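[1] Mind looking at a prediction? Sequence and model below.
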Amino acid sequence: MLQFLSSEGKIVNKKGLPKIAAKELKRIYELMVLSRVFDDIALKLQREGRMLTFASLLGQEASQVASSVVFENDDWFVPTYRDHGVLLARGFPLKGLYLYYAGDERGMEIPKEIQALPPTIPIGSHIPHAVGIAWAQKLQKRKSVCAVYFGEGSTSKGDFHEGINFAGVFKVPCIFICQNNQWAISVPTSRQTASESFVKKAEACGIEGVLVDGNDALAVYKATKDACDKARKGGGPTFIECYTYRLESHTTADDWKRYRSQKEVDSWKRKDPLLRLAKYMKKEKLLSKKEEKEIFDSAQQKVKEEVAEFEATPLPKAEDMFKYIP
Amino acid sequence: MPILNLVEAIRTTLEQEMARDPKIILLGEDVGKNGGVFRVTEGLWQKFGQERVIDTPLAEVGIMGVSIGLAVAGLRPVPEVQFDGFSLPMLDQLYNHAARIKRRSQGKYSCPLVLRVPHGGGIKAYEHHSESLETFFCYIPGLKVLAPSRPYNAKGLLVSALRETSPVIFLEPKKVYRAIKEEVPEEPYALPLCKADLVQEGKDVTIIAWGALQRVVLSAAEDLVDKYSIEIIDLLSLAPLDKETILRSVKKTGRCVIVQEAPKTCGFGSELAAVIQEEAILNLKAPVLRVAGPNTAMPLARLENYYIPDKEKIIVAVEKVMAF
């Protein structure tokens, strides 16, 4: 498993350590903080009845943010309902996400400058779309690539197998980012596969697979950057398994205490991707206590503003359901 | 004017439209070198190359799913499923995604694709090769479902489908593929997507059908020519539905027989009957009758002729509404 940072933020492996400019690393940290604050407020809004069912990304910030920052503006993203960190990192408005999870379709509006599909809910059904999008780049001689995000549960679906198989056969510039967060609602990885890992599934399709510590932003960054560069050069797809953990319940409609132990959750809290990166950056003098606070405050402020905008949005009109009929 | 069968009409239309629009690509199982199991795409791989006529892995969900991605990202894919019975795994992709992506993206993306589906029975094929599944497609809001019955209307409808911005299901009646030839103009022409064909005017009873059964209706009407004045409607487009033509006709004749190959319960004919009673009940002189496949699985070849509505069953239904 590719890993550079220990849980304490110490470098455990120098081989291949990515050279990330201080400014870029700080941006990754800021986006991870923003994702966490966004998520925390979303959970609170839901509990207060100000938003509907919400799937938390808590614990998966590094897998989502440190992977999505390596792409260019013309690249495509195909996320799921848990990948808020991906969309935020690409510049998707927070207000839109709050709206969507409050049951307002207008929240799915994708800004002009972002090439992303709205979050997909039927598990794994979006994977072939990403392959088609990536294939279209290749057929139209464009340099763009496509990144698709999904959980380990998706790999049990036919959609996943059919999609990744197409990607291998046609060598399309698609990067498969599998966040193995250990739980598909209440079902553990041992009930998803008898394979020793999920990344192993890439092998059967003739695709390079990389297993990374998904709570290590540097490892996620490195694996995704390499995969992205390779795809852009015509080297075809890569499957990246980010080994991580879903610290919250599946959604606000779920209760993780029904199927996993406090001990297990606590053990993963000690591997928190955000704290790990902060510790590393402090050691390397890339982040001061003061900056840490400023970043957190600024994320709080941004979320506050976006929530205010979300809540000030007038309700949709009944006739909106007839808009955009194909 | 060229005289073509249905296979040739579809093939030459694809060829002309592909030459016109470089964004059109064909994909599916065996559509390339082999020209498709019905040879509809024969010669196109040789002419346009393997990047535009693409043999894919054997995976219906994959074919449908990647087609959606291709369409969203600027191409105009024309996936083929070999037989309607194999299209069922595609329904998730069609329902949850193809028909919905425009609304899901609040108008940012559209999904211009044409799924070609060899439709219906009557060709003594294997099990699962002879179904009529139009109801499944018609039930999906946002899909257009076209059912050509002859070489001429197939060309005109396919041209329109290939210039549409929404996803289209194109049902090709297998039984008609090589059964008839007719004059088909060389130049492309577009038939409107929501317009039924009033095949024959009459006063006593309206018979509505689509696809391969249109010919069976014609032959039943021929047998009854001295007895009744029969009006015949070929729907051509199931979704959207040309209610205007249907209602105008039924309001005039006061009687209607609907003919479909699919099982009767929840078949598309049920929707037609409902529309007619909702909007023309006071004009009706008899109940609307459905001549349909029975509510059992499509049988294998030796029994399919008992299953698929034939001329006699249509005549019985016409006599029944006339005698009511």
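    Everything's here; your move.
[2] for the closest residue to A:F4 other than its chain neighbours, what are its contacts?
    Nearest non-adjacent residue to A:F4, counting by C-beta to C-beta, 6 or more residues apart in numbering or on different chains: A:L218, 4.2 Å away. C-beta here means a position set from N, CA and C on the backbone, and glycine is covered the same way. By C-beta atoms under 8 Å, 6 or more residues apart in numbering or on different chains, the contact list for A:L218 reads A:4-5, A:17-18, A:20, A:66, A:277, A:280.
[3] Give the burial count for A:G91, as a bare number.
    When counting by other C-beta atoms under 10 Å in any protein chain shown, one arrives at 11 neighbours for A:G91.
[4] so it sits right up against A:E113, yeah?
    Yes - with contact defined as C-beta atoms under 8 Å, A:G91 counts as touching A:E113 (7.0 Å).
[5] Alongside chain B, which residues does the stretch 51-200 of chain A contribute?
    Contact residues, the stretch 51-200 of chain A versus chain B (C-beta under 8 Å from any C-beta of the partner chain): A:76, A:105-106, A:108-110, A:117-118, A:122, A:125-137, A:139-140, A:146, A:158-159, A:162-163, A:165-166, A:169.
[6] now the helices for the chain?
    Because you didn't say which chain, this covers chain A. Counting by DSSP state H, one finds helices in chain A at the ranges A:22-47, A:61-68, A:84-89, A:94-100, A:127-139, A:158-170, A:200-204, A:217-232, A:262-269, A:273-283, A:289-312.
[7] that's the other chain; I wanted chain B
    Secondary structure of chain B by DSSP H: the helices cover B:6-20, B:44-48, B:60-72, B:91-92, B:101-104, B:134-138, B:151-161, B:213-223, B:243-253, B:268-280, B:304-307, B:311-323.
[8] So how do I select the buried members of the contacts of A:L218 in ChimeraX?
    Listed next is the ChimeraX selection for buried residues among the contacts of A:L218, using 16 or more other C-beta atoms under 10 Å in any protein chain shown:
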select /A:4,5,18,20,66,277,280
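[9] Excluding chain neighbours, give the residue nearest to the residue of the stretch 101-250 of chain B found nearest chain A in space.
    Residue nearest to chain A within the stretch 101-250 of chain B: B:S166 (3.4 Å; C-beta to the nearest C-beta). Distances taken as C-beta to C-beta, 6+ apart place A:P326 nearest to B:S166, at 3.4 Å, with adjacent residues excluded.
[10] And the strands in the stretch 1-150 of chain B, which stretches?
    In the stretch 1-150 of chain B, the strands defined using DSSP state E, counting those that start in this stretch lie at B:3-4, B:24-28, B:53-55, B:76-80, B:114-119, B:144-146.
[11] What helices and strands are in contact with the fifth one?
    What that stands for is strand B:114-119. Identification of packing neighbours for strand B:114-119 by 3 or more C-beta pairs under 8 Å, 6 or more residues apart in numbering or on different chains; DSSP states H and E yields strand B:76-80, strand B:168-173.
[12] What residues does the stretch 101-250 of chain B have near chain A?
    So the stretch 101-250 of chain B meets chain A at B:101-111, B:141-143, B:165-167 (C-beta under 8 Å from any C-beta).
[13] If we use 10 Å, what do you get?
    When proximity is defined as C-beta under 10 Å from any C-beta of the partner chain, the stretch 101-250 of chain B approaches chain A at B:101-113, B:141-144, B:164-168.
[14] Of these, keep whichever come out buried.
    Looks like these have B:101-106, B:108-113, B:142-144, B:164, B:166-168 buried, using 16+ other C-beta under 10 Å.
[15] how does chain B divide into domains?
    B:3-183, B:197-323 (automatic domain parsing).
[16] so how far is the shortest one from its chain's centroid?
    So that's domain B:197-323. 15 Å (C-alpha atoms, centre = their mean, to the nearest Å).
[17] And it, end to end?
    With C-alpha to C-alpha, to the nearest Å applied, domain B:197-323 spans 27 Å between its terminal residues.
[18] for the longest one, same thing?
    Terminal residues of domain B:3-183 are spaced 4 Å apart (C-alpha to C-alpha).
[19] cool, stretch B:18-30 as well?
    Using C-alpha to C-alpha, the end-to-end distance of stretch B:18-30 comes out at 18 Å.
[20] and residue 252, how many neighbours does it have?
    Since no chain was named, I'll use chain A. For A:T252, the count of nearby residues is 19 (other C-beta under 10 Å).
[21] not quite, I wanted chain B
    When neighbours are counted by other C-beta under 10 Å, B:K252 registers 16.
[22] wait, what's in contact with it?
    Listed by C-beta atoms under 10 Å, 6 or more residues apart in numbering or on different chains, the contact set of B:K252 reads B:201-204, B:206, B:231, B:280, B:283.
[23] For the residue of the stretch 201-326 of chain A at minimum distance from chain B, which residues are in contact?
    Here the stretch 201-326 of chain A gets closest to chain B at one residue, A:P326, 3.4 Å apart by C-beta to the nearest C-beta. The neighbourhood of A:P326, defined by C-beta under 10 Å, 6+ apart, consists of B:98-103, B:110-112, B:141-144, B:164-168.
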